[in-house]
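**Q** below are the sequence and a predicted model for it; my questions follow.
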Amino acid sequence: MSTSSYRLILNGKSAGDEALREAVTTLRERGVALDVRVTWESGDAERYVAEAIADGVDTLVAAGGDGTLSEVATALAHRDEAADALPTLGLVPLGTANDFASAALIPEQPLPALELVLARPARPIDLLRLDANNAVHWAANLASGGFGTQVTVETHDGLKKLLGGLAYLITGLSKLGRIEPIPARISGQDFAWQGDFIALGVGNGRQAGGGQALCPDAVIDDGLLDVTVIPELSGEVADTLSTWLKQGKHAALDEAALRVRLPWVEIASVQPFTLNLDGEPVESTHFRIACVPGRLRMHLPMDCPLLAGA
């Protein structure tokens, strides 16, 4: 019988997931102390995390997509306690694209995902902290801007529910004729770049928007951000991005991409633009993004590619 206590914070959109219900019942029958809380509106995740800490819960499990993972991670990250004094974190992927879970090789089905949380010891992971408009935002996965961000923001919820990750591809292809480059200055430690970009990724994790591997070599425990800039590609935008989306790979843009690894990065533009932070759009003319090393502890597969040396 498990001596640890677990609390699952479930995105309300997935409250009717029968496989998850069966998985929770199975673990309870095995003696696992597992409670469930369902989010309904903004602020619920924050309240449930505070409640779990007050109750002495050992592990919190986010059940949803990348946004749900970041909601729970955010609620933990901005507390005063050090990582080893906070509950550990697990993930059951129930979102549309599940970019973090896919890159981390977390099982897609609820029962194996929950069994992973019980079986694997938690590892320290970094988080991404974004400062903009006098507000602080956190994310476990990736901040993206430009073409990929517009695809993610504009993809209709109904289409996502029907087609899953394919919805991003369809929306993306419909935008190929109207891509507008974003002029920006990007700077970091011993690094500076200025120009027009069509896609930007600042990764703790590797991919966003249904499999766009913007930061293909990122790991989540090295204390660094992986920054990828795709400059404007005169005359080649449609062909290149079409290939990139259809293949679901970064290979089509490898030759054009600028990649650098930094502890922090600042992005400035004369016009407001949007960064998508694990599903949360943040608009500003100036962003500062930093890697916060070892901010949380997370249960991940033994062969997780997002861990250094895996």
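**A** Yep, it's here.

**Q** show me the chain divided up by domain.
**A** 5-122, 135-294 (automatic domain parsing).

**Q** quick one, helices of this structure?
**A** In the chain, the segments counted as helices under DSSP state H are 18-29, 44-54, 66-77, 99-104, 110-119, 147-154, 157-163, 166-175, 237-247.

**Q** go through the chain and flag its longest strand.
**A** Determined from DSSP state E, the single longest strand within the chain is strand 280-299.

**Q** residue contacts, residue 228?
**A** Residue 228 makes contact with 199, 200, 201, 202, 203, 214, 215, 257, 258, 259, according to CB atoms under 8 Å, 6 or more residues apart in numbering. Where you see a C-beta, it was placed from the backbone N, CA and C, and this is true even at glycine.

**Q** what do you get for residue 60?
**A** 6, 7, 8, 9, 49, 52, 72, 76, 87, 88, 89, 90.

**Q** pick out whichever of the residues you listed sits closest to residue 139.
**A** Minimum distance to residue 139 across the contacts of residue 60 is 11.6 Å, recorded for residue 72 (CB to CB).

**Q** tally of neighbours for that closest one?
**A** When neighbours are defined as other CB atoms under 10 Å, residue 72 has 28 of them.

**Q** now residue 85
**A** Counted with other CB under 10 Å, residue 85 comes out at 9.

**Q** same check on residue 184?
**A** Residue 184 has 23 neighbouring residues, counting by other CB under 10 Å.

**Q** which residues sit in contact with it?
**A** Each residue near residue 184 by CB under 8 Å, 6+ apart is listed here: 194, 195, 196, 197, 200, 267, 268, 269, 273.

**Q** could you do residue 61 as well?
**A** When contacts are counted by CB under 8 Å, 6+ apart, residue 61 touches 6, 7, 8, 9, 89, 90, 91, 92, 114, 117.

**Q** run through the bridge partners of residue 9.
**A** Beta-bridge partners recorded for residue 9 (DSSP bridges): residue 37, residue 62.

**Q** that one against residue 49, yeah?
**A** Yes: under the criterion of CB atoms under 8 Å, residue 9 makes contact with residue 49 at 7.4 Å.

**Q** mutual contacts of the two, please.
**A** 60, 72.

**Q** tell me the spacing between residue 112 and residue 21.
**A** Here the criterion is CB to CB, to the nearest Å. By it, residue 112 lies 15 Å from residue 21.

**Q** give the bridge partners for residue 144, please.
**A** Using DSSP bridges, the beta-bridge partners of residue 144 come out as residue 201, residue 276.

**Q** got any ranges where the chain has weak pLDDT?
**A** By pLDDT under 70, the low-scoring segments of the chain are 1-2, 147-179, 233-255, 310.

**Q** and the spatially most central residue of the chain, what does it touch?
**A** Residue closest to the average C-alpha location in the chain (CA atoms, centre = their mean): residue 141, at 2.9 Å. Neighbouring residues of residue 141 by CB under 8 Å, 6+ apart: 66, 69, 70, 99, 100, 128, 203, 204, 205, 208, 278.

**Q** pull the most distant pair out of those residues.
**A** When CB to CB is used, the two most widely separated members of the contacts of residue 141 are 69 and 203, lying 14.6 Å apart.

**Q** returning to that earlier point: columns neighbour count and distance to residue 14 on top of the contacts of residue 228, output as CSV?
**A** Listed next are the contacts of residue 228 as CSV, based on neighbours: other CB atoms under 10 Å; distance: CB to CB, whole Å:
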residue, neighbour count, distance to residue 14
199, 28, 29
200, 25, 30
201, 32, 27
202, 31, 28
203, 31, 26
214, 31, 26
215, 28, 27
257, 17, 34
258, 15, 38
259, 18, 35
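
**Q** in strands, which of those residues fall?
**A** 199, 200, 201, 202, 203, 258, 259.

**Q** nearest to residue 108 among the contacts of residue 61?
**A** Of all these, residue 92 has the smallest distance to residue 108: 9.4 Å, by CB to CB.

**Q** touching, that closest one and residue 108? I think so.
**A** No: in this structure, residue 92 is not within contact of residue 108 by CB under 8 Å, at 9.4 Å.
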